[in-house]
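In: based on what follows, work out the 3D shape:
(3 chains)
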Amino acid sequence: MTITKSIEIRDVIKFGLLAGVIVLSLSVIGFIDLLGTRELVAGMFTLGHIFMLAAPFGMAFVSAGKVSADEKNKALGYGFLIGVIAALPLVVLAILATSFDIRQFLPNVSPSLISLLTFGQGLTVGSLILVVVTGILGLLAAGLHTLPDRFQHPLITGLGWMLIAGTFSEILLGRVRAFFGRGVVKLIFAGKALNPIAALIIFVLAAGITYWLDTRAPKKEETVEDIKKLQKMTKIRIGLGILLLLVSPLILGTYLTEVANNVGLYVIMGLGLNIVVGFAGLLDLGFVAFFAIGAFAMGVLTSEGHLGLGLTFWTALPFSVLASTLAGVVLGIPVLGMRGDYLAIVTLGFGEIIRILALSDMLKPYIGGAQGILQIPKPSIMGFEFIQPESLFYIVLLGVLLAAFISWRLRDSRLGRQWMAMRDDEDVAEAMGINLVSTKLMAFASGAFFGGLAGAIFASKLTSIFPHSFNLIVSINVLSLIIVGGLGSLPGVVVGALILVGLPELLREFAEHRMLIYGALLIVMMLAKPEGFWPSEIIKRELHAHEEPEPVSSD
Amino acid sequence: MHVLSTTDVTKKFGGLVAVNQFDFDIPEGRIYSVIGPNGAGKTTFFNCITGFYESDGGAIKFMGRVLNGKSTDQITRMGVSRTYQNIRLFSNMTAIENILVGRHPHYKTFWMEAIVQTKRVLREEAEALEEALHLLDFVGLQGLGDQLATNLPYGAQRRLEIARALANRPKLLLLDEPTAGMNPNETIEMMRFIQRLRDELGITILLIEHDMKVVMGISENIGVMDFGTKIAEGTPEEIQRNPQVIEAYLGRGASSEVL
Amino acid sequence: MLQRLQNISFLDIALWALGAIIIFVVIWGTVATLIENPYPAQTWVETVVAGIAQGSLYALIAIGYTLVYGVLFMINFAHGEFFMSGIITATIFLAQPMKASGFLDAHPVISISLIAVTAILVSVGIALLTERVAYRPLRKAPRLVPLITAIGASFFWQYFFRGLYGSEVKSFPQFEALAGKASILGIPILKSHIIVIIAAVLMLIGLYFFIMKTKVGKSIRAVAENKDVAALMGINVDRAVAITFAMGSAMAGIAGVLFALVFRQVHFFMGFIPGIKAFTAAVLGGIGSVPGAALGGFLLGMFESVGPGLFLEGLGIPAPHQLKDVIAFTLLVLVLIFRPQGILGERLAVEKA
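Out: This next block holds a predicted model:
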């Protein structure tokens, strides 16, 4: 990395204040306070502390990268300064909160927040501690940056693993207890958090293993044989992965399986929307419509209540999916001529129309209005009912595998190339003999197919559905997850769903601020990593990366 | 038999008449060039033929069949391919994928077959790939199939665009300034290549070109366009001597030596 | 002529059929309603006035969409949040404490001015921050990218303010002077509606002259015409874009205050649906055109207000007012199919060619 200009003291103040304002914002909206309830290492720190200190730490780390390498002391000093400055807005907040009743304006500036910010030591002492702690952290961050890579990398990895283990300690605890009994639990955990010694051991282990791996990993030289080996490995990995998926309800337990089922439903929807947005480039903000249609069709066809026809899940499934697919075509026709942003807003309108209609008195005699449809039976095969999340898991898994398989085959087919070509340049695609109307309708229909499939399973899984479950937020969730995962990438959908659907369910605190995080993620992803965490065709491009430098393309 | 014949083709944009009652006929197997100053309406005329614009009057016939009212994709499937003045490849796709998209009209399998991968699909894909590789060789880009189209050098992109157009197995190929932005050597190479297209594949070629050396070097017939109207037509020698053409290009009183 | 007929595809027929069906339903419903005549004349007048008042709010918000679209060719999804941010902040920090202390009733003009200024400042501040951080770096990116960013910004601000002020609905205090109805030409009309309509019309006229006559306005129009050429002419494009955002969000800030005066409650989600409606209004009038946005706003307000009672009541649909959003979105779809350039717009038709 080339730095044209080293940073000045003014930039240091700017960085520090920026970090401070970020933490201040997180504080006043109640984020940090909420996370303060989740202890990572017993008696030492909570997730709230992590988020409180992450910004100054990160800023100091980044700024240390902008000081030339031979001025280590300067970097350290700047790091310390950034940490100190970052604490100032928080100190101001603490002073304000203790001297005035600002809670009547900002309900989330609670005493517990102030106590968290001041480490429970009262205003004066606490503020001093805060300033010192952030300052030292800034110093450490800058110090970390000045370390050579072979130390820096293991340290960061170790820290990361420790934080991850701590964050999910409650879930880990449950699993450890189920498999190894209480004795082992007492060794590792204290209360719901990690105990300090266990945390230290995790840190040392992770750092040590990383160091060991780093020193022995040879520089990569790819040959044809390597590639063949890689392909073989991929096949083996996929096989192992499927095997692991098959037994995972046993490993995960009821709660985590339920989470996995929800992730799975979003993966199915994500794969559907991925065809529309990722492959065909048609930004659809009303995807929830198809989910809703699938769910309501399933509800009406199978419900044992007064609204339903009482069919079985398996008889109703094809009809539900067909209904949503047809809806995809019908709603697709009016928007065929629209491009980009107009398409987005009109599809958003469609999603809202479907929801409003579902809620309205007009359709109440058929689909129940706000009361929704109740008494939807769960799926069953030859007398075996899929009641527990552990058994429903296999239905969801079947849906995911089906959706993934179809997406994959379509992507690599002529139709997939048509979609890609259309996304790249509609006019030229048409000049290549591609019929835009049928190609677009195929995209809408396939997307709606998966949306309906997810909806049908959803209805049967919940046994009751209400129009309120089908609001715009669902569409935005699905869109966010495919963007975060990587538009057009099939594994990306899974990664995105795990991050955006799985994480908030595991960390209730995040669920509270879920939409805020989604919004911020969408912005940050577009600014920094528009191709997503698992970009499509990554292997192909990696293989060619050494042949010619690739110009940065952002779509 | 005329591959392409137009009578009184007109295209207006509001008050501006971009193409005005243009008519010409291209016999099979010819290289026909349309020349004219910037903004003379050449590309608009191309767009009328390919159905990108709907002409406001007149008839366009391809192999005796009326093209008016047909959509761009239909016209392409009838056997008309084109390239663009400012290369328009599918930049996020590889070279071979670009060619495969061009071959699109010749696929016969149904999309559902692709999901279960019937033998027909596999065979068709294999054939398509073979043909695409063959085309890649033909345009001299062997071995570059897996490159992203954007990563190819300029001249290669031009040739890839032609390969993509050839994948449609066209009877008529419309080339919009194929030598734009090329150095003299590349230009000569491209001229030879265009002649090969006609000689080896028997494709009729309609060319828009600015470079007079190219136009005079390879075309058998030339139509000259100015302000949307055809002001002259004939062999290169005739055009070079035509006073109206010289006037259109260089203004009144210019000498003919320049051409 | 025969040739023309050949050009009509299946798709055109389907779309025309769709249009015809909707028009038929509207006419049928209207006739049925008129025969049935379920409401007294007074109700119709009130509905129309409410429609105009609602429409003027849409018009003010639509200005922001239209200006930004004109300059950047992007739908600023977060615009509804600019609208919300100003008034919700002013309500929490000014309106509610002033009401509690009695200042609001003692000095209503000073109070409303303070509230309006605060709302505008906050709205503009949020807009400029969003533009600087989220939009400016992406100006040259493919169109899908800034659009997704804007969606992200919209949700970010919604839930930021939800976290900041809490998720419950907040009441906006009643101004005594604006309570009740006034009689105009013998027709009693809500005072708050009158204020909203007058204020909106004044703002719209002022803005129009600002854009058409002042130097700043001209620089904005130049940037909208062609950014590169404008830059060559010595216009600071970044500044012009920022001013565009500032003006649009200032209008949104005012709209927020007027909204609060009419509905007397604010909450974090209040910007979203009006934002989408206002966008619809901007498209209806012709996006990129200021008079178009105004016209579109008023029309949409009228359709939404009068539509359910007029078109749907006669069809025997129960509780037709639940479906007013459906009317708005259907209108949007119809406009985009049959006249994508809107009523007063021209530019898009050229751009697409």
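
In: ranges for the helices of the stretch 1-150 of chain A?
Out: With DSSP state H, counting those that start in this stretch, the ranges of helices along the stretch 1-150 of chain A come out as A:9-28, A:31-35, A:47-64, A:72-99, A:111-117, A:123-146, A:149-167.

In: please identify the deepest-packed of the ones you listed.
Out: Comparing the helices of the stretch 1-150 of chain A by mean neighbour count (mean count of other C-beta atoms under 10 Å in any protein chain shown), helix A:31-35 ranks first with a mean of 24. From N, CA and C alone the C-beta is placed, and that goes for glycine too.

In: in CSV, list the helices of the stretch 1-150 of chain A along with distance to C:Q341.
Out: What follows is these, written out as CSV (distance: least, C-beta to C-beta, whole Å):
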stretch, distance to C:Q341
helix A:9-28, 41
helix A:31-35, 44
helix A:47-64, 47
helix A:72-99, 49
helix A:111-117, 52
helix A:123-146, 54
helix A:149-167, 53
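
In: how about those in CSV, adding mean pLDDT and distance to B:I239?
Out: Output for these, formatted as CSV (pLDDT from 0 to 100; distance: least, C-beta to C-beta, whole Å):
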stretch, mean pLDDT, distance to B:I239
helix A:9-28, 88, 66
helix A:31-35, 85, 75
helix A:47-64, 87, 66
helix A:72-99, 88, 72
helix A:111-117, 85, 84
helix A:123-146, 89, 70
helix A:149-167, 87, 68
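
In: and the ones you listed as a markdown table, adding distance to chain C?
Out: Shown next, in a markdown table, are those (distance: least, C-beta to the nearest C-beta, whole Å):
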| stretch | distance to chain C |
| --- | --- |
| helix A:9-28 | 6 |
| helix A:31-35 | 7 |
| helix A:47-64 | 13 |
| helix A:72-99 | 13 |
| helix A:111-117 | 12 |
| helix A:123-146 | 22 |
| helix A:149-167 | 21 |
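
In: now for the residue nearest to C:V133 when sequence neighbours are not counted: which residues touch it?
Out: Of all residues beyond its chain neighbours, the one nearest C:V133 is A:I523 (7.6 Å), with distances taken as C-beta to C-beta, 6 or more residues apart in numbering or on different chains. Listed by C-beta atoms under 8 Å, 6 or more residues apart in numbering or on different chains, the contact set of A:I523 reads C:133-134, C:149, C:152-153, C:156.

In: and those residues, which are buried?
Out: C:134, C:149, C:152-153, C:156 (16 or more other C-beta atoms under 10 Å in any protein chain shown).

In: on that earlier part again, I'd like the distance between the residue nearest to C:V133 and C:F155.
Out: 10 Å (C-beta to C-beta, to the nearest Å).

In: likewise for C:G186?
Out: 48 Å.

In: in the stretch 101-250 of chain A, what residue comes closest to chain C?
Out: A:P107 (4.4 Å; C-beta to the nearest C-beta).

In: hmm, that residue is touching C:Y165, no?
Out: Yes. Using C-beta atoms under 8 Å, A:P107 is in contact with C:Y165, at 7.0 Å.

In: neighbours of whichever residue of the stretch 151-259 of chain B sits closest to chain C, how many?
Out: Closest contact between the stretch 151-259 of chain B and chain C, by C-beta to the nearest C-beta, is at B:G228 (16.2 Å). Neighbour count of B:G228, defined by other C-beta atoms under 10 Å in any protein chain shown: 23.

In: dump the residue contacts of it.
Out: B:G228 neighbours (C-beta under 8 Å, 6+ apart): B:11, B:17-20, B:22, B:40-41, B:44.

In: farthest pair within those?
Out: B:K11 and B:A40 (12.6 Å; C-beta to C-beta).

In: show me what counts as buried in stretch A:423-436.
Out: Buried residues in stretch A:423-436, defined by neighbour count with 16+ other C-beta under 10 Å: A:423-426, A:428-436.

In: any idea which helix or strand carries B:D25?
Out: B:D25 belongs to strand B:16-27 when assigned by DSSP states H and E.

In: scratch that, C:P188 is what I was asking about
Out: strand C:187-190.

In: pairing partners for that strand, with directions?
Out: Partners of strand C:187-190 in the sheet, by DSSP bridges, are strand C:181-184 (antiparallel).

In: which of the residues in the partner strand are buried?
Out: So, applying 16+ other C-beta under 10 Å, strand C:181-184 has no buried residues.

In: give me the mean pLDDT for that strand.
Out: What strand C:181-184 shows for mean pLDDT is 77.

In: what's the domain layout of the chain?
Out: Went with chain A since none was named. Domain segmentation of chain A under automatic domain parsing yields A:1-146, A:256-543.

In: actually, chain B is the one I wanted.
Out: B:1-79+B:170-259, B:89-168.

In: what's the least confident stretch among those?
Out: Across these, domain B:1-79+B:170-259 gives the lowest mean pLDDT, at a mean of 83.

In: low pLDDT regions in the chain?
Out: Let's take chain A. Applying pLDDT under 70 to chain A flags residues A:1-6, A:217-224, A:536-555.

In: please refer instead to chain C.
Out: Along chain C, segments meeting pLDDT under 70 span C:1-8, C:314, C:346-353.

In: burial of the residue nearest to A:T439 when sequence neighbours are not counted, as a residue count?
Out: In space, and not counting its chain neighbours, A:T439 is closest to A:Q418: 4.9 Å by C-beta to C-beta, 6+ apart. Neighbours of A:Q418 under the rule other C-beta under 10 Å: 27.

In: where does the residue in the stretch 201-350 of chain A positioned nearest to chain B land in three-state SS?
Out: Here the residue of the stretch 201-350 of chain A nearest chain B is A:G281; by C-beta to the nearest C-beta that distance is 10.1 Å. Three-state call for A:G281 (DSSP: H, G, I helix; E, B strand; the rest coil): coil.

In: for A:R423, see how far away it is.
Out: From A:G281 over to A:R423 (counting by C-beta to C-beta), the distance is 3 Å.
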